[in-house]
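Trainee: Sequence first, predicted model second:
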Amino acid sequence: MTLINRRVQTLDEFTIQQMRNFPNATGELSGLLRDIGLAAKRVNVEVNKAGLVDILGDAGAVNVQGEEVKKLDVYANDQFMGVLRHGISCAGIGSEELDDVVIFDDEISNNSKYVCLFDPLDGSANIDVNVSIGTIFSVFRRVSPVGQPATKDDFLQAGVKQVAAGYVIYGSSTILVYATRRGVNGFTLDPSIGEFTLSHPDIKCPPAGKIYSVNHGNFFQYEEAVKDYITVCQKKDKTSGGPYTQRYIGSMVSDVHRNLIKGGIFMYPAIKDRPEGKLRLMYECNPCAFILEVAGGKATDGEQRILDKVPTHIHERTPFFTGSKLMMEELESYLNK
Ligand code: P6P
């Protein structure tokens, strides 16, 4: 008799089980996360063969960020927008690849409780050189009346209002990590069954670590306090909780994920050419900040908690520091001097 391995829990089974903990849950959030998992599987197929087909290279278009859009960015954006538009759980989306939010405005979507923001393929400059890339997503409950089309205000909420957030990393394996207020869980794609399966239950960020992630090429453009902290990281030894190692992939999801699991700190500070920073608040920093805080870490813009920032437009940038609680507190002791 074949024993069914019930230890392996798929993303779908997990989200349904989570629903059981909320008797009055409608299942919409579970449905939304399943839709995101489906789109991620489709993107994963294309990312995995990107080197083989003419899906590499620039699509010729330039996105709202002024960056050349690679075909895989466009494909990923279309996949996530497509599953959510045709699902029953999302009233509209914002995306790094779209100039403005897209309100789905059909009867079913207008009756959905949530809106989503995406970076469909973060780190896309790494596509052509086989470095891991990822999708980042953020989920808000609408503030506009359900039954009517979503509005811009549904998207421009402080990160503390997120009901869920997560990322997918298309790397040595494909992992989907998402957080709700109840915890952070990671699901690794099992190609043999084509399902995301629970591989990292209840992720907690170690309170301290020995990894610092920053682009040293910008060192002399950072403010003095940041330079002082980086220098302290370089001088750590066994007597001061080190030695530290510097790890920087240039794909935020991968750097943040490694530091979430192993402990560490990721920094993308403001620089003279970019006083507002490079990373996007709504669909890069807010989701990662939500995940890190639920897992016991911290995330700031150098002055305030990321999740407290009230956005003014969906593509706004912010300086970003996130990671292990004790490392963040040491950084803040320099920033607050
Ligand atoms: P830099 C990728 O383009 C990205 O948006 C993040 O994923 C990454 O952390 C950052 O930019 C890298 O930027 O300026 O260090 O190359």
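Mentor: Cool, got the structure. It should be emphasised that the depicted structure is a prediction, and the values quoted were computed from it without experimental measurement.
Trainee: give me phi/psi at the residue nearest to residue 294 when sequence neighbours are not counted?
Mentor: Distances taken as C-beta to C-beta, 6 or more residues apart in numbering put residue 179 closest to residue 294, at 4.4 Å, once the chain neighbours are dropped. Glycine gets a C-beta too; all of them are placed from N, C-alpha and C. The phi/psi pair for residue 179 (degrees, to the nearest 10) reads phi -120, psi 140.
Trainee: so residue 179 makes contact with residue 289?
Mentor: No. Using C-beta atoms under 8 Å, residue 179 makes no contact with residue 289, being 10.2 Å away.
Trainee: the more surrounded of the two?
Mentor: Remark: of residue 179 and residue 289, residue 289 carries more neighbours, 31 against 23, as counted by other C-beta atoms under 10 Å.
Trainee: elements contacting the strand or helix carrying that one?
Mentor: Counting by DSSP states H and E, the element that carries residue 289 is helix 286-294. When contacts are defined as 3 or more C-beta pairs under 8 Å, 6 or more residues apart in numbering; DSSP states H and E, helix 286-294 packs onto strand 133-141, strand 162-170, strand 174-180, strand 183-190, helix 252-262, strand 298-300, strand 320-323.
Trainee: do you know how far residue 257 is from the ligand?
Mentor: Distance, residue 257 to the ligand, by C-beta to the nearest ligand atom, to the nearest Å: 11 Å.
Trainee: Was I right to think residue 216 contacts residue 246?
Mentor: Yes. Between residue 216 and residue 246 a contact is recorded at 7.1 Å, counting by C-beta under 8 Å.
Trainee: my guess is residue 278 meets residue 269, correct?
Mentor: No. Using C-beta under 8 Å, residue 278 is not in contact with residue 269; the gap is 9.4 Å.
Trainee: on that earlier part again, so who does the residue nearest to residue 294 touch?
Mentor: 164-166, 185, 290-291, 294-295 (C-beta atoms under 8 Å, 6 or more residues apart in numbering).
Trainee: Leaving out sequence neighbours, find the closest residue to whatever residue of the stretch 1-150 of the chain ends up closest to the ligand.
Mentor: Distances between the stretch 1-150 of the chain and the ligand by C-beta to the nearest ligand atom are smallest at residue 123, namely 4.2 Å. Once flanking residues are discounted, residue 123 sits nearest to residue 251: 3.1 Å by C-beta to C-beta, 6+ apart.
Trainee: Distance check, that neighbour against the ligand.
Mentor: Separation of residue 251 from the ligand (C-beta to the nearest ligand atom) stands at 5 Å.
Trainee: just residue 262 next, same as before
Mentor: 17 Å.
Trainee: Can you name the residues bridging to the residue most central in space within the chain?
Mentor: The chain has residue 136 as the residue nearest its centroid, 3.4 Å off, counting by C-alpha atoms, centre = their mean. Beta-bridge partners recorded for residue 136 (DSSP bridges): residue 119, residue 167.
Trainee: Verify the stated contact: it with residue 285.
Mentor: No. The criterion here is C-beta under 8 Å, and residue 136 misses it with residue 285 at 9.2 Å.
Trainee: Can you classify residue 276 by secondary structure?
Mentor: Applying DSSP: H, G, I helix; E, B strand; the rest coil to residue 276 yields a three-state assignment of coil.
Trainee: Ignoring the adjacent residues along the chain, who's closest to it?
Mentor: Excluding its sequence neighbours, the residue lying closest to residue 276 (C-beta to C-beta, 6+ apart) is residue 317, at 4.5 Å.
Trainee: Count the residues that sit near the residue nearest to residue 137 when sequence neighbours are not counted.
Mentor: Leaving aside its sequence neighbours, residue 137 sits nearest to residue 118 (C-beta to C-beta, 6+ apart; 5.1 Å). The number of residues packed around residue 118, counting by other C-beta under 10 Å, is 26.
Trainee: And residue 118, how far from residue 318?
Mentor: 17 Å (C-beta to C-beta, to the nearest Å).
Trainee: now residue 80
Mentor: 23 Å.
Trainee: Of those two, which one has the most company?
Mentor: Using other C-beta under 10 Å, the more surrounded residue of residue 80 and residue 318 is residue 80, with 28 against 24.
Trainee: With adjacent residues omitted, what lies nearest to the more buried one?
Mentor: Nearest to residue 80 is residue 39, by C-beta to C-beta, 6+ apart, at 4.6 Å.
Trainee: tell me which residues of the helix or strand hosting that neighbour are tucked away?
Mentor: Element membership of residue 39, judged by DSSP H and E, is helix 28-48. Neighbour counts using 16 or more other C-beta atoms under 10 Å place 28-44, 46-47 of helix 28-48 among the buried residues.
Trainee: same for the ligand: which of those are within range?
Mentor: Among these, not one lies near the ligand by C-beta under 6 Å from any ligand atom.
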